[in-house]
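> Take a look and give me a structure for this.
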Amino acid sequence: MKVMLFGTQPYDKESFERIRPNFGFEVCYHRSHLNANNVALAKGADVVCIFVNDTADAETIGALSEMGVRLIALRCAGFNNVDLKAAARYGIPVVRVPAYSPHAVAEHAVALMLALNRKIHRAYWRTRDGNFSLHGLMGFDMYGKTAGIIGTGKIARELIRILKGFGMEILAYDLYPDEAYAAREGITYVGLEELYSRSDIISLHCPLTDQTRYMIGDVAISHMKPGVVLINTGRGQLIHTEALIDGLKEKRIGAAGLDVYEEEAAYFYEDTSDRIMDDDVLARLLSFNNVIVTSHQGFFTREALDNIARITMLNIREFEAHKPLTNEVRIDAE
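Numbers count the residues shown, from 1 in each chain. As a prediction, this is how the structure comes out:
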């Protein structure tokens, strides 16, 4: 079984090479991101393994099918970069890693909250220059404040556990509320408008779908509590970035912590420091001193990387053994 990894960084190769001997697959690594222009690189592979900035659209999947690729293995939880209908038409199963380390992403969300609240990023640069003034660095106690959590999957539940430790009240929204979980944990499911209006901090943990794309736009922001801290460690297109910028300018949003960005593929995971940034919207975001942008690194812990490699290999082994695919993402073909 030959496995071709696209969008590979050195740390990906290290994790997969640590576990590969346990599975015996032949694994090849490419730095480039999969798309219709370079799909020929997958020739000879049985399995193509991709990450968040690879593109498996209908044209790419059609080409993969012609080359004999039999499985698309995502080494991430999200699958919005895969045309599932096309995959079904061509008979190529798609598998993913639904949970690699909910602790990693939840802890990163908390790190963004704390850094923004207590202005850690600003204090760091000040003290390096010998400026020990406290002016403009005042934060607020997390204790007693209200956190609004949108989506209550595994990552969100880990975040809720942490925030409860701060003594925060938790409001939650989910298309399929788990009332038994809410009763057990002492949280409250509410509608989105109530969550927006009551929350001091809002954190996004829902998948990107047609229904959730740009759910945080002008209307949603207009309902938010003035000064709210907005955190997104989910998917970039959950937030309409220009609406976010307007909300920051109008002081409706007090701070934003973004581990994802809707046009991140051109920048994230690459060193672009030697060239002029041509994304005016991203450049505008980075100009705000109450915004922290990190490069989709919420997952980036040793434990998470090893879990991604292990679960990906297990997914491929199930396929090779003609077993039911535990982590298959399915949709009916058109």
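
> gap between the host helix or strand of residue 18 and the chain center?
Assigned by DSSP states H and E, residue 18 belongs to helix 10-19. Helix 10-19 sits 21 Å away from the centroid of its parent chain (CA atoms, centre = their mean, to the nearest Å).

> packing partners for it?
Helix 10-19 is packed against strand 2-5, strand 26-29, helix 302-320, with contacts defined by 3 or more CB pairs under 8 Å, 6 or more residues apart in numbering; DSSP states H and E. For the C-beta atoms, the positions are set from N, CA and C on the backbone; glycine is no exception.

> pLDDT weak spots in the stretch 51-200 of the chain?
Nowhere does the stretch 51-200 of the chain drop to pLDDT under 70.

> ranges for the helices of it?
Applying DSSP state H, counting those that start in this stretch to the stretch 51-200 of the chain gives helices spanning 58-66, 84-89, 102-117, 120-128, 154-165, 179-185, 192-198.

> out of those, which comes closest to residue 3?
Among the helices of the stretch 51-200 of the chain, helix 58-66 comes nearest to residue 3, with 13.2 Å by CB to CB.

> Just the buried positions in the closest one, please.
For helix 58-66, the neighbour count (16 or more other CB atoms under 10 Å) marks 60-65 as buried.

> How about residues contacting the helix holding residue 18?
5, 27, 29, 51, 75, 300, 305-306, 308-310, 312-313 (CB atoms under 8 Å, 6 or more residues apart in numbering).

> ok, of these, which come out buried?
So, by 16+ other CB under 10 Å, the buried ones in these are 5, 27, 29, 51, 75, 300, 305-306, 308-310, 312-313.

> and residue 239, which of the helices and strands packed on helix 10-19 is closest to it?
helix 302-320 (23.4 Å).

> Tabulate the CA atom coordinates of the closest one in PDB.
Provided in PDB are the C-alpha atoms of helix 302-320 (Å, rounded to 0.1, in the frame of the first residue of the first chain):
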ATOM      1  CA  ARG A 302       3.500  16.400  20.100                       C
ATOM      2  CA  GLU A 303       0.600  14.300  21.400                       C
ATOM      3  CA  ALA A 304      -1.800  15.600  18.700                       C
ATOM      4  CA  LEU A 305       0.700  15.000  15.900                       C
ATOM      5  CA  ASP A 306       1.300  11.500  17.000                       C
ATOM      6  CA  ASN A 307      -2.400  10.800  17.300                       C
ATOM      7  CA  ILE A 308      -3.000  12.200  13.800                       C
ATOM      8  CA  ALA A 309      -0.400   9.900  12.400                       C
ATOM      9  CA  ARG A 310      -1.600   6.900  14.300                       C
ATOM     10  CA  ILE A 311      -5.300   7.300  13.500                       C
ATOM     11  CA  THR A 312      -4.600   8.100   9.800                       C
ATOM     12  CA  MET A 313      -2.600   4.900   9.600                       C
ATOM     13  CA  LEU A 314      -5.400   2.900  11.300                       C
ATOM     14  CA  ASN A 315      -7.900   4.400   8.800                       C
ATOM     15  CA  ILE A 316      -5.700   3.200   5.900                       C
ATOM     16  CA  ARG A 317      -5.300  -0.200   7.500                       C
ATOM     17  CA  GLU A 318      -9.000  -0.700   7.800                       C
ATOM     18  CA  PHE A 319      -9.400   0.200   4.100                       C
ATOM     19  CA  GLU A 320      -6.600  -2.200   3.200                       C
END
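
> How far does that helix sit from its chain's centre?
So, by CA atoms, centre = their mean, the centroid of helix 302-320 is 18 Å from its chain's centroid.

> and if you look at stretch 89-108?
10 Å.

> buried set for that stretch?
Applying 16+ other CB under 10 Å to stretch 89-108 flags 89-90, 92-98, 100-108 as buried.

> Also stretch 211-225?
212, 215-217, 220-221, 224-225.

> List the ones among those that fall in helices.
220-221 (DSSP state H).

> In a markdown table: the buried residues of stretch 211-225, plus pLDDT and distance to residue 120.
Formatted as a markdown table, the buried residues of stretch 211-225 follow (pLDDT from 0 to 100; distance: CB to CB, whole Å):
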| residue | pLDDT | distance to residue 120 |
| --- | --- | --- |
| 212 | 95 | 30 |
| 215 | 97 | 28 |
| 216 | 98 | 24 |
| 217 | 98 | 29 |
| 220 | 98 | 27 |
| 221 | 98 | 25 |
| 224 | 98 | 23 |
| 225 | 97 | 23 |
